[in-house]
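*Asks:* Provided below for reference: sequence and predicted model.
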Amino acid sequence: MEEYVVKDGKRLRMGYTTGSCAAAAAKAAAWMLLTGKKREQITLTTPKGITLNLPVLKIQMHGDCVSCAIQKDSGDDPDITKGTLIFAAVTRKPEPGISIDGGQGIGRITKRGLDQPVGNAAINSVPRKMIEENLQEVCTLTDYSGGLSVVISAPEGEALAKKTFNPRLGIIGGISILGTTGIVEPMSEKALIDTIRVELRQRRENGADYVLLTPGNYGSDFIRLDMGIDAKIAVQVSNFIGDALDLCKELGFRGALLIGHIGKLVKIGGGMLNTHSKYGDCRMEILAAQAGAEGLPSQNICQILDCATCDDALRILKETGFYEQTLLRLTDRVAFHLEQRGEAQLQTGAILFSKEYGILGKSKHANDLLRHILEDF
């Protein structure tokens, strides 16, 4: 497709979702089944209102069943399913209505809290609606009053799923068929936040009142190796700290504990609840300000401002004797900004660490929150 968005001054080509692929493949297969004619291109209007004209591949027509595929194109987004073939096999059934299931390479739901009930194929509600609406359109055009059975598959899906969050979420055996608009927007922050929402909602619907958050792999590794806690307990929230806390409030959690490397969490001490570098890199400025407030001499403040890493700045604080009081002040500021975002309805806390120096600071409620989280888990 030739639709574009501009992100950070770059013109990026949009793509289409696995949901659009599944709906288009199902529509093409149904049309060929009910007309008996081969079709090598299909038109699909996405929920976003963008019309796709897609090549139909791997066509197999066997009387009562037609199977074909659409190739996933995620545009300039680095999507793991880019180039994957999404198949639909459509057969007639005597009773009215359209049934949708997943075949080879499509995951199965094994845990509560996801878009579909336990036992269902991991084909989300919007793609299911797209499939149903497009098949109803074909039935109307061909004056067919019977029912249709659709099986969506992705031969590469089981291998691809190992590179996704699916096993962690309890989606076993393959990929998910996803998409709310039918269109992939490159580098979509919304897509990342939606992924966080899914995992948080799953925890909540499984009875958790408290949740452990961490920005990424550094945090997960520290939780596992240094704290001796199963890393699966933590929800990775990337740079979206503020959004994750908003989701925790929305979903009714009582508390959230954030464990993260100082390189990320120091920014929260300055009020940055999205820690991506494109929004600013004020790590040394915040550390220098906290140390200066504790009385660090100006020449040492200048040294910190010249540091490239937080560990190097911590070295200076240790050498000058301002390590403990500076980290205590910084931890308090991190806790303050988390509490501001959590408001009265969400108790928050933080644990800051460094790979070189270990745990650097714990906020007031950190230990209690961790105890509640372990009890929930």
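*Replies:* Everything's here; your move. All values derive from a computational prediction rather than experimental measurement.

*Asks:* so where's this protein shaky on pLDDT?
*Replies:* Scanning the chain with the threshold set as pLDDT under 70 gives 1, 7-9, 187-188.

*Asks:* can you map out the helices along it?
*Replies:* 18-35, 125-141, 157-161, 166-169, 189-205, 217-225, 241-251, 262-268, 283-293, 298-305, 310-320, 323-342, 366-376 (DSSP state H).

*Asks:* Highest average neighbour count across those: which stretch is it?
*Replies:* Across those, averaging neighbours per residue (mean count of other C-beta atoms under 10 Å) puts helix 18-35 on top, at a mean of 28. In short, each C-beta sits where N, CA and C put it, glycine included.

*Asks:* Output the contacting helices and strands for it.
*Replies:* Counting by 3 or more C-beta pairs under 8 Å, 6 or more residues apart in numbering; DSSP states H and E, the packing neighbours recorded for helix 18-35 are strand 41-45, strand 51-55, strand 57-62, strand 65-71, strand 85-93, helix 125-141, strand 147-153.

*Asks:* Nearest to Lys10, out of the helices of the chain?
*Replies:* Lys10 lies closest, by C-beta to C-beta, to one member of the helices of the chain: helix 189-205, at 14.9 Å.

*Asks:* Please look at Ile123 and Ser99 and confirm they touch.
*Replies:* No: using C-beta atoms under 8 Å, Ile123 is not in contact with Ser99, being 11.6 Å away.

*Asks:* Show me which of those two is the more surrounded one.
*Replies:* For the pair Ile123 and Ser99, the greater number of neighbours falls to Ile123 (25 against 13), based on other C-beta atoms under 10 Å.

*Asks:* Identify the bridge partners of the more buried one.
*Replies:* Beta-bridge pairing of Ile123 under DSSP bridges involves Ile177.

*Asks:* Give the full set of residues in contact with the closest residue to Ile241 other than its chain neighbours.
*Replies:* Among residues not flanking Ile241 along the chain, Leu273 sits closest, at 4.9 Å (C-beta to C-beta, 6 or more residues apart in numbering). For Leu273, the contact set (C-beta atoms under 8 Å, 6 or more residues apart in numbering) comprises Ile241, Gly242, Asp243, Leu245, His337, Arg341.

*Asks:* try Gly173
*Replies:* Gly173 touches Gly105, Ile106, Gly107, Arg108, Glu158, Ala161, counting by C-beta under 8 Å, 6+ apart.

*Asks:* With Leu148 instead?
*Replies:* The contact partners of Leu148, by C-beta under 8 Å, 6+ apart, come to Ala30, Leu33, Val90, Thr91, Arg92, Lys93, Ile98, Ser99, Leu135, Cys139.

*Asks:* Repeat the analysis, applying 6 Å as the threshold.
*Replies:* Ala30, Val90, Ile98, Leu135 (C-beta atoms under 6 Å, 6 or more residues apart in numbering).

*Asks:* just curious, which of those residues is nearest to Lys362?
*Replies:* Ranked by distance to Lys362 (C-beta to C-beta), the contacts of Leu148 are led by Ile98 at 54.5 Å.

*Asks:* Quick check, the closest one in contact with Leu135.
*Replies:* Yes: look at Ile98 against Leu135 with C-beta atoms under 6 Å: they come within range, at 5.2 Å.

*Asks:* Would you point out which residue is most central in the chain?
*Replies:* Nearest to the mean C-alpha position of the chain, by C-alpha atoms, centre = their mean, lies Thr195 at 2.4 Å.

*Asks:* now stretch 176-186, how far from the chain's geometric center?
*Replies:* Its chain's average C-alpha position is 12 Å from that of stretch 176-186, according to C-alpha atoms, centre = their mean, to the nearest Å.

*Asks:* Can you name the residues in contact with it?
*Replies:* Against stretch 176-186 from outside (C-beta under 6 Å, 6+ apart): 5, 12, 14-20, 22, 46-48, 50, 74-77, 107, 122-124, 126-127, 152.

*Asks:* mind putting the helices and strands packed on helix 18-35 in JSON lines, distance to Phe253 included?
*Replies:* Output for the helices and strands packed on helix 18-35, formatted as JSON lines (distance: least, C-beta to C-beta, whole Å):
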{"stretch": "strand 41-45", "distance to Phe253": "38"}
{"stretch": "strand 51-55", "distance to Phe253": "39"}
{"stretch": "strand 57-62", "distance to Phe253": "45"}
{"stretch": "strand 65-71", "distance to Phe253": "39"}
{"stretch": "strand 85-93", "distance to Phe253": "35"}
{"stretch": "helix 125-141", "distance to Phe253": "24"}
{"stretch": "strand 147-153", "distance to Phe253": "34"}
